[in-house]
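Novice: Give me the fold of what follows.
(chains A and B)
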Amino acid sequence: MLKNYLKITWRNLLRHKAFSFINIIGLAIGMSSAALILFWVQNEMSYDQFHTKKDRLYQVYNRSVFDGKLWCWGTTPKVMSKTLKQDYSQIEEVTHTTNGNFLFTVGEKHLNADGNFTDSGFLTMFSFPLISGNPNTALNNINDIVITQKLSKKLFGNDHAMGKVIKIDSNAYFTVTGVMKDLPNNTQFKFEYLMPWSYLKKIGGDDGNWSNNSCQTWALLKPNVTEAVANKSIINITRTHSNVKDIDVFLHPASKWRLYSNFDQKGKVSAGRIAVVKTFSMIAILILLIACINFMNLSTARSEKRAREVGIRKVAGALRGSLIFQFLGESILIALIAGVLALLIIQLSMSGFNLLTDKQLYVPYGNPFFWLIALGFIITTGAVSGSYPALYLSSFKPVSVLKGTFKAANALITPRKLLVVVQFTFAVVLIICTIIIRQQLKYAQERDSGYKKDNLVYVMMTGDMDKHYRLIKSELVSSGAANAVSKTSAPITQGWSDSWDFLWAGKDVSKKIDFNIFNTDGELAKTMGLKIIEGRDIDIKNYPTDSTAVLLNEAAVKIMGFKSPIGQVIKRGEAPNFTSLHVVGIVRDFILQSPFEPIKAMIIQGPKSWFNVIHFRLNDANSTTESLNRAEKIFKKYNPGYPFEYNFIDQDYAKKFGDEQRTQTLASLFAGLTIIISCLGLFGLAAYMAQNRIKEIGVRKVLGASVAGVTTLLSKDFLKLVMISFVIASPIAWIAMDKWLQGYNYRISISIWVFVMAALLTIVISLITVSFQAVKAALANPVKSLRSE
Amino acid sequence: MIKITDLEKFYRTEEVETIALNKLSIEVKRGEFVAIMGPSGCGKSTLLNILGMLDDPDGGSYVFNGVEVAHFNERKRADLRKHNIGFVFQSFNLIDELTVFENVELPLIYTGVPSSERVKRVEEVLDKMQIMHSRNHYPQHLSGGQQQRVAIARAVVNKPKLILADEPTGNLDSSNGNDVMELLTDLNEHGTTIIMVTHSEHDARYSHRIIRLLDGQTVMENIMI
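Specialist: The predicted structure is shown next:
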C-alpha cells in the first residue's frame, strides 16, 4: 500500500511539474527562512547556558533612583568582589572582570588585542575550558596570562604557546600559563586573553572607591542558597561599607543575563531582548505557515484532478482514514524534498545571514540531535501543509466524482480565500513595518549631530603618546596633516563616563542628577566643529586657570538652572575634598550617545583630568591619504613599536545605527520573502482558476468580451482579497509600529502615506502576478477552449 | 441476492425536492444479468449507486445476501463492497498516474491480498482480458476499448459476486462496445451477477431481464428469451 502511495506521489510530482515546482520552492523558501531564524533564536536562548554552574551563577547589580526614576546597572565598584568574598557566607566564589587593551609583541609580530583582567575564580566559576594549563593556578602570578586558541594562533602560529613569553605594551613581559578553547558563539563574554587582577593593581587600575562603578562582579552561590536569601543578605553592602547610602545591591541570575536585562520601576526584571526573540520566533512561524498555506491552496485548487482517484480508491474499498494517510504521506514526502532543498539554501545563505545578524551561526551537521529536530520540523511542516488538503480531498463522494458531475468551478472557494487573506495580511504588515522602520532610521540619521563628522579622525592613546602629546600635536599641525588637534577622554561618538558627583549654587541636594563626562585639553570646538554659543573654548595657553575650566552643554545649563552660566563654580567630589571647576563656555548640544535619545546634560572638563583618545581634523588642503601618511610618520616617530591605528568619526557614527539598520534589512528581507512565497501561491491559484473557468472565458469571448474585460474579470476576485488583507493588516501594523517607536524618544509620527504606499505596492505586485495568468487565459482561442469541454 | 423494498431517495436543494427513487422494489437473483433502462433522470444511476453502497437510501430496505445493509455505516459498507462488488463505469475511471497493472491491482491492495498473490491474480485477469501486453502502459496511451477492458479487469480481479456496470459502452464505438458486452456476458456465464444501467437497447439484449424505470419507479419488466 505504502509503495503504491509513494509511486503515485512521485508520478504526480513529475507529471505536474509547474505545480510541484511552486510547491517545493515555496515550501523550501519558507522552511529555510524559518530555520535560519530559528537558528538565531536558538543561539539567543542558549547564551551563557553552557556553564555547568549556571544555576548558581549571578552578576552583581546596583539599583538606585536618579531624577525620580529607578535605574539598575551591572557595573560595580572594584572593591565589591573582595568584600563579598570576605563577608558573605552564602557566596562560594566571586570574581570580577574589566576590559584591557594592550599591544602584544612576539618577535616581530605586533598586534592589539582585547581582553579582561580577572582572577583565577573566573576559570573555575565559568565553563571556559583550558586546553592546556591549570585553571586553579593559571592566573596566580602577576605576569601570568591565559590566551585563547585564536590569539595563540595569531601570535605563535602552530607552535605550542604554553610557557612562551609575550611582551605587553613596551614595558611588561607575560608568560602564557593557559590556552583556552575559543569562546563559543553564544556567550556575552568577549576576550582574547585573561590577565591577573594583580597586574591591574600594579599599573594603578584598581581602587577601593565605592562610588566608582567600573567593573563587572560575578558571584557563585553555595549550593542550596536561593537568590532571594542571598539578595536579602547583600542588599546593604554599599551602605555598610561606604558613605553611599542610596544604592541597593542585588543578584541577576545567569538564566536572565541575555534575554531579560530590563528592569521595571519596582526593580523587577521585566523584559529585554526576549521581545526581539519572541517577534522573530513569531515571524519564523508565520513565514512557514504562509508556505504551508500555499501548499494547501494549490493542493485543494487542483482537487478536480485528484477527485477521480479518490472516487476510484473509495469504490475499491479505501476508507477515508487511509486516504487521509495517503495525502498526508504525500505532503510529508514533498516537505522532505523541500527540506533537502531548504538545507541547501540555508548552507548557501548562512554567511550572508551571519553578516546581517552579526552572529557566527553554523549548521551542526555532526550533531544527531540536529537531524532529529530537522526531521521533526520537516514532518510537522508536511503534516500541517497536508492537513487541510487531506481532509478536503478525502471527503469527496465517489458518486459525484465518478459520474463526472464533480466540478471545482472556481479556484477561489471560501477556505482558500481565507488562506490568501491570511498570507497577504502578513505580507502587508511586514511591508508597512519595513517602510516605517526605514523612515525612522532616516529620520535619526538626518538628525543634526552637532559637530562635523567628515575629515575627523581619532586614535587611541597607547605607549608614549601621552608623554609626547605636545610634540605630536604641534607637528600634526605644522606638517599640514591636521588643522586642529584635541586630546579627549573618549571618542566623540561614545560616552565613557558619567557622574552625579557635582554641586552648584541652587542645586536641590535631595536629587541625584547624572551628567555625561567628557574631557578635553582644549581646541575642542575647533577640532570637532562644535559651536560655542556663549563664552569660549578651554584654552590653557592663554588662560592658565583653565586646567579646572569646564564647558557645559545647553542641556546641562538648563538642568542646573543657570541664568548666566559663565563664571559659575561647580564643585566635584565629597567635602572637604572638593575640586572647584569654573564654567568658561557653553557648547551647543551635540550627540554623544544614542541619536534616538534626547541629549543628556554634559560637563566637559579641562586639562586637569584623564585622557584616552587623540582627535584630529584632517587638513582638507591635502588628500585624506596624504594627511594620514603625514600623521602616521609623526605617530611612528613619537610612539615607535606601535602600529598607527586610526578611526574615522563618520564611520563610527554610522555604527550607532547598526541595530536599526539590521532590523530594517531583516524586515525588508522577511517582507520580500513573504511576498515572494505568497505570490508563488497566488500565481498557482490564478493558473488553476483560469483553467477551471476556461469554458466561461470562451463563451464570454464568443459573445464579444474583450481581452481587457476578461483579464479584469479574472483579476478582480484576487484584488478584492488583497484589499481585505490590507484593511486587516493596517491596524495591526499601526499598533505594532507605534509600540516599536515608543522605544525611541526621538521618533517619527506614523503618516497615512505609509499605508497608501503599502497598499499600492501590494496591489501592483499581486496584479502583476495574477494578470499574467489572466491575460494568458483571455488571449486563448475560444474555439479551442470550447471544444475541449 | 439483492432485494430492495420500497426504496426511497430524495435530492434536496434550497428550493426544490426531487424524488429520485419512489418506493422502488426490485429483486435480483444470484447469477442473473439485469439491465436497467429509462430516460435521463429516471433514477437509474441513483439506484446503481445505492446497490453499490456508494450512496444511502432515504427510506426502505436493501437486503444484500440476506443482510439488511440500508443503514450500514461507511466502514461496513466499504468492507462489504470491496469483497463483493465490482464496478464498471462509462468513463472508465482509471487512475492516470498508475499503469494498467497497478490500476488492476488496486482493489487487491485494499482487500489486503499479499504481494505475490496480487501479481498472480492481476496477470491472470489481464491475460483473460487480453491486455497482458499493455500491462506497463499508462491509461492515456490506450484506446477507449482497451481502457474499458482494464476497468473490467479491475472490477473482476477480486472475484466479486456482483458487477455493477453504469453504461459500460457509452464511450465506445460499436465494435469495442460489443467486445465489452461479450466480456460481461462471459463473466455472467461463469456465475457473476451483473446489473447494468444502459441507454442502449442493443446492449440490453445481452441481459436476462430489463427493468424499465420512470420517475423513480418500475414501469415495466421484460424477460429476455
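Novice: need the contact list for residue A:481.
Specialist: Going by Cβ atoms under 8 Å, 6 or more residues apart in numbering or on different chains, residue A:481 touches A:616, A:618, A:619, A:622, A:627, A:628, A:630, A:631, A:634. (Glycine included, C-beta is placed from N, CA and C.)
Novice: Over to the residue nearest to it when sequence neighbours are not counted: give its phi and psi.
Specialist: Counting by Cβ to Cβ, 6 or more residues apart in numbering or on different chains, residue A:630 is the residue found nearest to residue A:481 once chain neighbours are left out, at 3.8 Å. Main-chain dihedrals, residue A:630, degrees, to the nearest 10: phi -60, psi -40.
Novice: What's the mean pLDDT across the lengthiest helix in chain B?
Specialist: Taking DSSP state H as the criterion, chain B has its longest helix at helix B:174-189. Averaging pLDDT along helix B:174-189 gives 90.
Novice: Could you list the residues of chain A in contact with chain B?
Specialist: A:1, A:4, A:7-8, A:11-12, A:15, A:308-309, A:311-320, A:322, A:397-399, A:402-404 (Cβ under 8 Å from any Cβ of the partner chain).
Novice: Which members of the residues you listed occur in helices, if any?
Specialist: A:4, A:7-8, A:11-12, A:15, A:308-309, A:311-315, A:320, A:322, A:398-399, A:402-403.
Novice: Write a PyMOL command that selects only the buried members of those residues.
Specialist: Entered in PyMOL, the line below selects the buried ones among those, by 16 or more other Cβ atoms under 10 Å in any protein chain shown:
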select buried, chain A and resi 4+8+11+12+308+309+311+312+313+314+315+320+322+398+399+402+403
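Novice: In the longest helix of chain B, which residues are buried?
Specialist: Buried, per 16+ other Cβ under 10 Å, within helix B:174-189: B:176, B:177, B:178, B:179, B:180, B:181, B:183, B:184, B:187, B:188.
Novice: which other helices and strands contact that helix?
Specialist: strand B:33-37, helix B:144-156, strand B:162-166, strand B:193-197 (3 or more Cβ pairs under 8 Å, 6 or more residues apart in numbering or on different chains; DSSP states H and E).
Novice: Export only the CA atoms of the longest one, formatted as PDB.
Specialist: Spelled out, it's helix B:144-156. The C-alpha trace of helix B:144-156 is given here as PDB (Å, rounded to 0.1, in the frame of the first residue of the first chain):
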ATOM      1  CA  GLY B 144     -11.200   3.600 -25.200                       C
ATOM      2  CA  GLY B 145     -11.900  -0.100 -25.700                       C
ATOM      3  CA  GLN B 146      -8.700  -1.100 -24.100                       C
ATOM      4  CA  GLN B 147      -9.300   1.200 -21.200                       C
ATOM      5  CA  GLN B 148     -12.700  -0.300 -20.600                       C
ATOM      6  CA  ARG B 149     -11.100  -3.700 -20.700                       C
ATOM      7  CA  VAL B 150      -8.700  -2.600 -18.000                       C
ATOM      8  CA  ALA B 151     -11.600  -1.200 -16.000                       C
ATOM      9  CA  ILE B 152     -13.400  -4.500 -16.300                       C
ATOM     10  CA  ALA B 153     -10.300  -6.400 -15.300                       C
ATOM     11  CA  ARG B 154     -10.100  -4.200 -12.200                       C
ATOM     12  CA  ALA B 155     -13.800  -4.800 -11.500                       C
ATOM     13  CA  VAL B 156     -13.400  -8.600 -11.600                       C
END
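Novice: ok, residues contacting the helix or strand containing residue A:150?
Specialist: Residue A:150 belongs to helix A:149-156 when elements are defined using DSSP states H and E. Contact with helix A:149-156 is made by A:104, A:106, A:109, A:111, A:113, A:131, A:147, A:161, A:164, A:166, A:176, A:179-182, A:192-193, as judged by Cβ under 8 Å, 6+ apart.
Novice: okay, which residue is most central for chain A?
Specialist: Centroid-nearest residue in chain A: residue A:659, 5.2 Å away (criterion: Cα atoms, centre = their mean).
Novice: The helix or strand it falls within: which residues count as buried?
Specialist: Element membership for residue A:659 (DSSP H and E) is helix A:658-692. By 16+ other Cβ under 10 Å, the buried positions in helix A:658-692 come out as A:660-661, A:663-671, A:673-692.
Novice: for stretch B:136-149, same thing?
Specialist: B:138, B:139, B:142, B:144, B:145, B:146, B:147, B:148, B:149.
Novice: where does the residue of the stretch 101-250 of chain A found nearest chain B land in three-state SS?
Specialist: Residue nearest to chain B within the stretch 101-250 of chain A (Cβ to the nearest Cβ): residue A:185, separated by 47.5 Å. Put simply, residue A:185 is coil when judged by DSSP: H, G, I helix; E, B strand; the rest coil.
Novice: so it sits right up against residue A:43, yeah?
Specialist: Yes - with contact defined as Cβ atoms under 8 Å, residue A:185 counts as touching residue A:43 (6.5 Å).
Novice: check contacts around the residue positioned nearest the centre of chain B.
Specialist: Centroid-nearest residue in chain B: residue B:164, 1.7 Å away (criterion: Cα atoms, centre = their mean). Shown in contact with residue B:164 (Cβ under 8 Å, 6+ apart): B:48, B:51, B:52, B:85, B:86, B:87, B:88, B:194, B:195, B:196.
Novice: for those, which one is nearest chain A?
Specialist: Closest to chain A, out of all of these and judged by Cβ to the nearest Cβ, is residue B:87, at 5.2 Å.
Novice: doesn't the closest one fall inside a helix?
Specialist: No - under three-state DSSP, residue B:87 sits outside any helix and is assigned strand.
Novice: can you count the residues close to the closest residue to residue B:49 other than its chain neighbours?
Specialist: Nearest non-adjacent residue to residue B:49, counting by Cβ to Cβ, 6+ apart: residue B:55, 4.0 Å away. Burial of residue B:55 is recorded as 20 neighbouring residues (other Cβ atoms under 10 Å in any protein chain shown).
Novice: Can you point out the buried residues in stretch B:188-197?
Specialist: B:188, B:192, B:193, B:194, B:195, B:196, B:197.
Novice: Could you report the pLDDT at the second one?
Specialist: If you check residue B:192, the pLDDT there is 92.
Novice: With the last one instead?
Specialist: The score at residue B:197 is 92. That number is its pLDDT.
Novice: got the contact list for it?
Specialist: Going by Cβ under 8 Å, 6+ apart, the list of residues near residue B:197 reads B:35, B:36, B:37, B:44, B:45, B:47, B:48, B:165, B:166, B:167.
Novice: my guess is residue A:505 contacts residue A:569, does it?
Specialist: Yes - contact criterion Cβ under 8 Å: residue A:505 and residue A:569 qualify, at 7.5 Å.
Novice: Of these two, which one has the most company?
Specialist: residue A:569 (14 against 11).
Novice: Please name the residues that touch the residue nearest to residue A:481.
Specialist: Residue A:630 touches A:476, A:479, A:480, A:481, A:622, counting by Cβ under 8 Å, 6+ apart.
Novice: List buried residues within those.
Specialist: Using 16+ other Cβ under 10 Å, the buried members of these are A:476, A:481, A:622.
Novice: doesn't residue A:135 make contact with residue A:124?
Specialist: Yes - using Cβ under 8 Å, residue A:124 is in contact with residue A:135, at 5.6 Å.
Novice: picking that back up, what does the longest helix of chain B rub up against?
Specialist: Helix B:174-189 has contacts (Cβ under 8 Å, 6+ apart) with B:31, B:33, B:88, B:129, B:143-145, B:148-149, B:152, B:156, B:163, B:165, B:168-169, B:172, B:194, B:196, B:200, B:203, B:206.
Novice: what's the weakest-modelled helix or strand in chain B?
Specialist: Across the helices and strands of chain B, mean pLDDT, DSSP states H and E gives its lowest value to strand B:217-223, namely a mean of 79.
Novice: Determine how far that one lies from the middle of the whole chain.
Specialist: 20 Å (Cα atoms, centre = their mean, to the nearest Å).
Novice: ends of stretch B:132-144, how far apart?
Specialist: 16 Å (Cα to Cα, to the nearest Å).
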